[in-house]
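Peer 1: mind folding the following:
(one chain, ligands or ions: 1)
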Amino acid sequence: MKKRTVKIGIFGGYRGSSYYKNLMANNGEIVAVCDKNEKYAQKAKDMLGGDVAVYTDFDHFIEHEGLEAILLSNYFHEHAPYAIRALERGIHVLSECTSNGTMAEGVALVRAAEKSKAIYMLAENYPYMLFNQEMRRVFEGGTLGKLIFAEGEYNHPISPSDDLDYYISLCPSSTHWRYALPRSYYITHSLAPLKYITGATPKRVTAFAAMDPVPEEKDRLQRGVPERAAIVLTQNDDGSVFRVTGCAAFGHHENSYRICCKKGQMENLRDHSGNVLLSYNTWDAPEGCEKPKLYHPELADKDKELIGKAGHGGGDFFVAREFLDCIREGRRPAFDVYFATNMASVAILSHRSLLEGGKPYDIPDFRKEEDRLLYENDTLSPFYGSDGSLQSISPSVIPDYHTLTEEGRARYDALVKKYEEEKAGAAK
Ligand SMILES: NC(=O)c1ccc[n+]([C@@H]2O[C@H](COP(=O)([O-])OP(=O)(O)OC[C@H]3O[C@@H](n4cnc5c(N)ncnc54)[C@H](O)[C@@H]3O)[C@@H](O)[C@H]2O)c1
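Peer 2: Prediction:
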C-alpha cells in the first residue's frame, strides 16, 4: 500500500538539498525551501521543479499553507529556536545536528517538545551506517554480555590547499560556526552510534584537549582552533564508560566504533571497507565463534537499492524514512528530544571540562524539572549568532590563538574576499 504523503519544508538549502531525494523516496513532498542565500533557492528550483515555493525568511516559510513537517539544516548552533517555533505550531521537526547550541536552549526545546503534539527527531545519520546497525544487532542478541567500555571516533581532517572552493563553501566567513568550532561540539557522529548500539546514556563527563598550535601565516587562509581533538570520557547510567572525540583531526579521515563487553568485543575497521571484526574470549564464545570473525555485514532491507545510493553510508535514507514513518504511525523516534539534548549536553559540558583542565561535569537529565532549573538560564556559547550576538565563552584553551584574534579573523575575511574577486574576474 502506498504510504500517505507528508508535506515537508526545508530550512537551509546547502546540506538540506542532499535530503531531497531521500525524503521524496519515502513519500515526502517537498513543498517549500527557505534559504537567505538565493543560490540555494535557485538550486531548489533546479532540483525540484518550478512548483516548489522558495522563501528567504523563516517567518514566511513557516506559514506556508499545509506545511506538516520541516527539516532544519540551517546553521549548526541555531536549530533550537526554529525547532521550538515549529513545535509550537504543531509542525513536526527533523533537526540536523546539533539539537541545541546552549544549555538553556536544550531546556526550552525539551519543554516545547513535551507540550507539542508534533514529533521531534534529530537527523543523526551515523548510527544507521551498516556496520553500526550490525553492532547493534549483535549487542542486542546478548552473546557479548554486559557493556564495559566503548569508543567512537569521528575524524575529519581538512586541508585548505586541497580544494579552496570547498574549504570556503564550508566556512564563508570568520563568524561562521565552522570557523572556530570547539572540538567537542560536533559530538553526535561519534556518540550517537554508541548510544544507539548499546542503549547506555552518559551521566558524567570529563575531557582533555589534544593540541597542535601551528605558526601564523599571514598570506594563507587559516581557521580553526589549536586543538586537534577533544578526548571526551563519559561515565554512563549502566556503569560503562565511553571515549568519544567530537569532530577530530588526527591520523586519517575515518569514523570508527568499538564496543567492549564482558564476553567479547566488536568494531568496524578503520580502512573504509565497512567490515566488522567480532571476537569473543574463548571461554565465553558461543559455539562456532571461538575464532575472531572478520566480515562485511549484509543488508536485508526492502529499500536496499535506494539505501546504496544515499549519502553517509545510506544513513541519510534511514533518517528520512524513520522520520516520515514516525509521523504517519504517530510513533516516537529513537533519536527523540531526550536522546538529542543528552548529546548536546555532553558536547557543551565537555568543552567546559576541557577549558578547566578536565574538571568533571554531571550531565543533566532534562526529564527532571530540578535539572532543567539548573540550566534554564545558561546561555554561554562559543559561537557568533546570526542576530549579532558575540561569543560568551572561548572556543579554545588558547583564547588568543592567532586565528581567534580580531586580526586573524579580519585576515581570513580579506583573503576569502580576494579569492572570490579573483575567481569572479577569471570567469568574465
Ligand atoms: N549529518 C550530516 O552528515 C551532516 C552533513 C553536513 C551538514 N550537516 C549539518 O547541516 C547543518 C547545515 O550545515 P551546512 O553544511 O549546510 O552549512 P551551513 O551551516 O553553512 O549552511 C546553512 C544554510 O542555512 C542558511 N541559513 C542559515 N540561517 C538562515 C536563516 N535565518 N534564514 C534563511 N537561511 C538561513 C544559510 O544561508 C546556509 O545556506 C549543520 O547543522 C551541519 O551540522 C550534517
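Peer 1: the ligand contacts on this structure?
Peer 2: 12-15, 34-37, 40, 57-58, 73-76, 96-97, 125, 312, 386 (C-beta under 6 Å from any ligand atom). Using the backbone N, CA and C atoms, a C-beta is placed for each residue, glycine as well.
Peer 1: just the buried ones from those residues, in ChimeraX syntax?
Peer 2: Selecting just the buried residues from those in ChimeraX takes one command, with 16 or more other C-beta atoms under 10 Å as the test:
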select :12,13,15,34,35,40,58,73,74,75,76,96,97,125,312
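Peer 1: quick one, strands of the stretch 151-300 of the chain?
Peer 2: Ranges of strands in the stretch 151-300 of the chain, per DSSP state E, counting those that start in this stretch, are 202-211, 227-236, 241-248, 254-261, 264-268, 276-280, 293-295.
Peer 1: tell me the buried residues in the helix or strand following the last one?
Peer 2: What it means is strand 293-295. Sequence order places helix 304-309 as the next helix or strand after strand 293-295, per DSSP states H and E. Buried positions in helix 304-309, judged by neighbour count with 16+ other C-beta under 10 Å: L306, I307.
Peer 1: chain center to helix 304-309, what's the gap?
Peer 2: Chain-centre distance of helix 304-309: 22 Å, with C-alpha atoms, centre = their mean, to the nearest Å.
Peer 1: next structured bit after it?
Peer 2: Going down the chain from helix 304-309, the next helix or strand is helix 315-329, by DSSP H and E.
Peer 1: any weak-confidence spans in the protein?
Peer 2: 160-161 (pLDDT under 70).
Peer 1: mind listing the helices for it?
Peer 2: For the chain, the helices defined by DSSP state H cover 20-24, 38-48, 58-61, 79-88, 103-115, 130-141, 164-170, 188-198, 304-309, 315-329, 337-355, 369-375, 406-427.
Peer 1: run through who's touching the fifth one.
Peer 2: Around helix 103-115, the neighbours that count as contacts under C-beta atoms under 8 Å, 6 or more residues apart in numbering are 80-81, 83-84, 87-88, 99-100, 120, 336-338, 341, 344-345, 348-349, 364, 366-367, 372, 375-380.
Peer 1: quick check: angle from that helix to helix 79-88?
Peer 2: Per axes from the mean of the first three to the mean of the last three C-alpha atoms, to 10 degrees, the angle that helix 103-115 makes with helix 79-88 is 20 degrees.
Peer 1: give the buried residues for helix 103-115.
Peer 2: Neighbour count says helix 103-115 has M103, A104, E105, G106, V107, A108, L109, V110, R111, A112, A113 buried, by 16+ other C-beta under 10 Å.
Peer 1: would you format those residues as CSV with distance to E227 included?
Peer 2: Shown next, in CSV, are the buried residues of helix 103-115 (distance: C-beta to C-beta, whole Å):
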residue, distance to E227
M103, 21
A104, 25
E105, 24
G106, 23
V107, 27
A108, 29
L109, 27
V110, 29
R111, 33
A112, 33
A113, 32
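Peer 1: can you tell me which of these is nearest T5?
Peer 2: Closest approach between the buried residues of helix 103-115 and T5, by C-beta to C-beta: A113, at 24.3 Å.
Peer 1: find the residue closest to that closest one in space, skipping its chain neighbours.
Peer 2: Excluding its sequence neighbours, the residue lying closest to A113 (C-beta to C-beta, 6 or more residues apart in numbering) is V337, at 4.0 Å.
Peer 1: count the neighbours of that neighbour for me.
Peer 2: 29 (other C-beta atoms under 10 Å).
Peer 1: got a list of what it touches?
Peer 2: S99, L109, V110, A113, E114, Y120, F366.
Peer 1: alright, calling it a day.
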